[in-house]
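# Sequence below, structure please.
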Amino acid sequence: MKNLLLILCSLFLFSCTAGSEEETNEADKAKLLSKRVLSDNSADAIRLDNCSKSAKSAEKAHKYAKRSQHAENFEDIRDNAREAISEFEDARKYADKCGCKKAYRVANDGVNYAKQAYRSGNIQHAQAYARDAKNTADELVSEANRCSYN
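Residues are numbered from 1 along each chain as shown. Purely as a prediction, here's the structure:
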């Protein structure tokens with residue numbers, strides 16, 4: 001009788017253990033699936049955030065390039081061009097992280113125009129380069145926004 005009771009108890013324990021292992025495996029599978037979905041959504045969110053940051057930096061670059069364009073002395077032109085360069089570089093970095101190649105190229109053009117404005121020895125030429133940088137910043141805002149909605 002004792003042996004029968006021991007056998008029944010061990011079968012009961014074994015069946016309970018087997019069920020919980022199966023449930024544990026099911027729970028592990030559910031966790032893995034949710035992590036995959038979460039990581040895919042997170043990657044998209046990060047990409048879109050980088051596109052958005054690129055557009056924001058482009059807006060700041062526009063502001064500084066416009067100030068540089070309308071400045072009347074070299075000091076103001078260079079100060080604002082330097083800030084525009086920094087913002088274009090940030091926009092380029094975020095466009096690269098975003099994966100938007102066209103926005104990256106446009107940001108690179110903006111860096112080059114702002115650098116030319118900074119280095120120019122003639123006020124009219126510096127203002128013209130600053131105008132080109134400002135127009136490039138407008139194009140960059142459009143490209144970065146287009147990329148973030150695709």
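# which residues of the protein score low on pLDDT?
Scanning the chain for pLDDT under 70 picks out 1-41, 43-44, 47, 150.
# please redo it, this time with the cut-off set to 80
1-48, 148-150 (pLDDT under 80).
# Show me where it has its strands.
Ranges of strands in the chain, per DSSP state E: none exist.
# Quick test: name the residue nearest the centre of it.
Central residue of the chain (C-alpha atoms, centre = their mean): residue 50, 1.5 Å from the mean position.
# pretty sure that residue is in contact with residue 92, am I right?
No - the criterion here is C-beta atoms under 8 Å, and residue 50 misses it with residue 92 at 11.4 Å. From N, CA and C alone the C-beta is placed, and that goes for glycine too.
# Please identify the buried residues of stretch 95-108?
For stretch 95-108, a neighbour-count test (16 or more other C-beta atoms under 10 Å) marks 95, 96, 97, 98, 100, 103, 104, 106, 107, 108 as buried.
# For it, give me every contacting residue.
By C-beta atoms under 8 Å, 6 or more residues apart in numbering, the surrounding residues in contact with stretch 95-108 are 47-48, 50-51, 54, 58, 88-89, 91-92, 136, 139-140, 143-144, 147-148.
# From those residues, list the buried ones, please.
47, 50-51, 54, 58, 88-89, 91-92, 136, 139-140, 143-144, 147-148.
# how near is residue 142 to residue 123?
Residue 142 is 29 Å from residue 123, where distance means C-beta to C-beta, to the nearest Å.
# go on, residue 80?
From residue 80 over to residue 123 (counting by C-beta to C-beta), the distance is 13 Å.
# Which one's more surrounded, the two?
Shown here are residue 80 and residue 123; by other C-beta atoms under 10 Å, residue 80 has more neighbours (24 against 13).
# Please list all residues in contact with that one.
So residue 80 contacts 64, 65, 67, 68, 71, 130 (C-beta under 8 Å, 6+ apart).
# ranking these by neighbours, who comes first?
Going by other C-beta under 10 Å, residue 65 tops the contacts of residue 80 with 31 neighbours.
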